[in-house]
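Novice: need a 3D model of the following:
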Amino acid sequence: RSVNAAVKDKSAEKGQATAEQGAKSTATEGRLVQKEERAEGSVDSGIYMRYIRAFGAFIPPALLLLYTCVQAFSIGKDYWLAVWSSSVDRQSSFGYYLGVYVGISIVFCVTRFMQSLAMVYGSLRAAAVLHDNLLTTVFHLPMKFFDTQPTGRLINRFTKDTESIDLALPA
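Specialist: I've put the predicted structure just below:
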């Protein structure tokens, strides 16, 4: 009886070991958790266009106009200093040259401030729109996706993509 028990124990251990090996090979061949895929290389131009469209219809043309005005006023300030420094009668017309220079500088500062506000507003709007799109996409994924993707990976990827939108793209 003890010999039969020993044989049964060995065959049970062998069967258990075979079942464990079969489970391991099944787990590695037909993985439940899939390997993460990553794109490499430069960012596609379509991504930048999507970001610009998320700014809204009004902000990108306004930004283009404001950037042009800021550059024009910057060049205007430099030009006016050149005119002022090359004038023959600097002392008698000091107030005139200074007044024009201060006027151009004030308009430059106001335009630059408006440009910064438009960029911040557009960036915040784009971040909100793209975050909502990303969240909606995740919510509409099939349940199979959540079975094959670890929650930590999903949260890390979502956080990294949102951080890139908030920090890297506006710069």
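Novice: for this protein, what's the longest helix?
Specialist: helix 94-139 (DSSP state H).
Novice: what helices or strands is it leaning on?
Specialist: helix 45-55, helix 59-86, helix 151-163 (3 or more C-beta pairs under 8 Å, 6 or more residues apart in numbering; DSSP states H and E). From N, CA and C alone the C-beta is placed, and that goes for glycine too.
Novice: quick check: angle from it to helix 59-86?
Specialist: Angle, helix 94-139 to helix 59-86, by axes from the mean of the first three to the mean of the last three C-alpha atoms, to 10 degrees: 160 degrees.
Novice: now do helix 94-139: distance to the chain's middle.
Specialist: Centroid separation between helix 94-139 and its chain, computed with C-alpha atoms, centre = their mean, to the nearest Å, is 19 Å.
Novice: list the contacts of the residue nearest the centre of the chain.
Specialist: Ranked by distance to the mean C-alpha position of the chain (C-alpha atoms, centre = their mean), the top residue is I165 at 1.9 Å. Residues near I165 by C-beta atoms under 8 Å, 6 or more residues apart in numbering: Y51, A126, A127, L130, H131.
Novice: can we see that at 6 Å?
Specialist: Residues near I165 by C-beta atoms under 6 Å, 6 or more residues apart in numbering: A127, L130.
Novice: what's the answer for C69, then?
Specialist: Residues in contact with C69 (C-beta under 6 Å, 6+ apart) are T111.
Novice: that one and L130, how far apart?
Specialist: Computed as C-beta to C-beta, to the nearest Å, the C69 to L130 distance reads 28 Å.
Novice: just Y96 next, same as before
Specialist: Y96 is 51 Å from L130, by C-beta to C-beta.
Novice: same check on L98?
Specialist: 47 Å.
Novice: in terms of neighbours, single out the busier of these two.
Specialist: Higher neighbour count among L98 and L130: L130, with 20 against 11, using other C-beta atoms under 10 Å.
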